[in-house]
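only geometry, no sequence info:
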């Protein structure tokens with residue numbers, strides 16, 4: 001308990017002229033999250049000091065609670081998150097909160113937010129046509145911000161216990177259909193490849209071939225340096241994250257997951273392209289192995305990648321997909337080559353569970369084998385029934 005008496009160097013209780021010797025001491029956080037401390041005047045006895053201590057804390061909590069707006073809550077939560085997560089993740093979360101949460105609660109006192117406010121907020125999200133998963137993610141972020149001030153500022157509110165997630169059981173069958181991934185067949189890739197072969201730009205030709213034949217994420221490819229290419233394979237140990245802070249265009253960070261760290265052997269067609277690209281780059285006077293394979297002194301801008309990719313698609317007159325969908329196309333190719341989910345997961349840097357969840361519908365042979373097995377059982381049963389009839 002922070003109620004005590006003070007003693008001098010000789011061990012004697014320090015008292016005022018009128019005999020007061022008991023004080024209380026408290027530590028608390030101000031609106032900026034800074035730790036402050038306060039020591040009281042002296043009281044006549046321990047009971048009086050304890051009473052004053054409790055009154056002081058009660059007033060502090062009340063004043064803090066009545067002054068703490070959701071905007072302050074948001075800022076404090078994001079400052080805390082900045083210390084814990086990657087820059088790109090930080091700005092993604094901040095953007096989602098500022099777009100879907102902050103506008104509805106910004107000037108509200110946190111302890112005054114009630115169920116009616118939550119209902120109106122959810123109605124506004126419904127108008128935007130957001131998915132159930134996305135809206136539930138927003139609810140999760142909202143709860144996290146409130147929980148933050150409850151823990152760090154000792155503000156009491158039970159609103160997070162009243163906020164319910166959207167239920168998927170209420171969805172219509174049509175709305176439960178999983179969004180299908182976009183990918184190219186090998187024939188479509190060949191049409192695309194015919195177009196890029198005509199382009200003298202080795203940079204993008206090599207980049208898109210690495211994505212397709214290697215199954216890399218575009219930001220993994222963009223983070224590659226020449227020392228990551230040993231002439232036969234690519235060593236994936238990092239990725240690029242963009243817009244990690246105001247004024248910061250990119251940052252080289254750890255990969256998306258531990259599974260992403262891997263070595264990707266390359267087919268001859270990609271090896272040849274990278275050799276040619278490197279020979280071209282080695283003509284630079286300041287060339288060294290630390291330069292980015294794709295982009296030289298800085299990674300390729302995402303806008304440039306998207307624009308170049310779209311131009312090639314338009315020229316090839318094929319199905320419109322995004323650069324990331326080359327990764328899905330790579331998986332499709334491997335499946336059609338008869339590779340199993342373990343081999344595919346190892347190559348593209350994902351888990352077997354994710355491969356099964358994301359690409360199950362691309363395994364037609366598995367479905368055919370399942371039906372064939374059921375047919376075999378049915379045929380066997382018919383034979384048994386015939387034998388019994390005899």
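Happy to help now that I have it. Please read these numbers as outputs of a predicted model, since none were measured by experiment. Residues are numbered from 1 along each chain as shown.

Residue 298 touches residue 250, doesn't it?
Yes. If you go by CB atoms under 8 Å, residue 298 and residue 250 touch, sitting 7.0 Å apart. All C-beta atoms are positioned from the backbone trio N, CA, C, and that covers glycine.

So those two - more neighbours on which side?
residue 250 (20 against 12; other CB atoms under 10 Å).

what pairs with the more buried one across the strands?
Beta bridges link residue 250 to residue 242, judged by DSSP bridges.

Please tell me how far it sits from residue 264.
22 Å (CB to CB, to the nearest Å).

what's the answer for residue 285, then?
31 Å.

Who has more neighbours out of those two?
Remark: of residue 285 and residue 264, residue 264 carries more neighbours, 19 against 4, as counted by other CB under 10 Å.

secondary structure class for that one?
strand (DSSP: H, G, I helix; E, B strand; the rest coil).

which residues sit in contact with it?
Taking CB atoms under 8 Å, 6 or more residues apart in numbering as the criterion, residue 264 is in contact with 214-216, 233-234, 236, 347.

Which one of the residues you listed sits in the busiest neighbourhood?
Counting by other CB under 10 Å, top hit in the contacts of residue 264: residue 216 with 27 neighbours.

quick one: it and residue 208 touch, right?
No. Taking contacts as CB under 8 Å, residue 216 lies outside contact range of residue 208: 10.7 Å.

Just to check, residue 76 is in contact with residue 150?
No. The criterion here is CB under 8 Å, and residue 76 misses it with residue 150 at 11.6 Å.

So for these two, which residue has more residues nearby?
residue 76 (20 against 17).

what's the spacing between the more buried one and residue 102?
Taken as CB to CB, the span from residue 76 to residue 102 is 13 Å.

And residue 328, by the same measure?
34 Å.

Work out for me the element the residue nearest in space to the middle of the chain sits within.
The residue lying closest to the centre of the chain (CA atoms, centre = their mean) is residue 89, at 5.5 Å. Using DSSP states H and E, residue 89 sits within helix 87-100.

from the chain's centre, how far out does the following helix or strand past that helix sit?
Moving toward the C-terminus from helix 87-100, the next helix or strand (DSSP H and E) is helix 102-105. On the basis of CA atoms, centre = their mean, to the nearest Å, helix 102-105 sits 22 Å off its chain's mean C-alpha point.

List the buried residues in helix 102-105.
If you call a residue buried by 16 or more other CB atoms under 10 Å, then helix 102-105 has these buried ones: 102, 104-105.

Next: stretch 273-287.
273-274, 277-278, 281.

Farthest-apart pair in these, please.
273 and 281 (12.6 Å; CB to CB).

Many thanks, have a good one.
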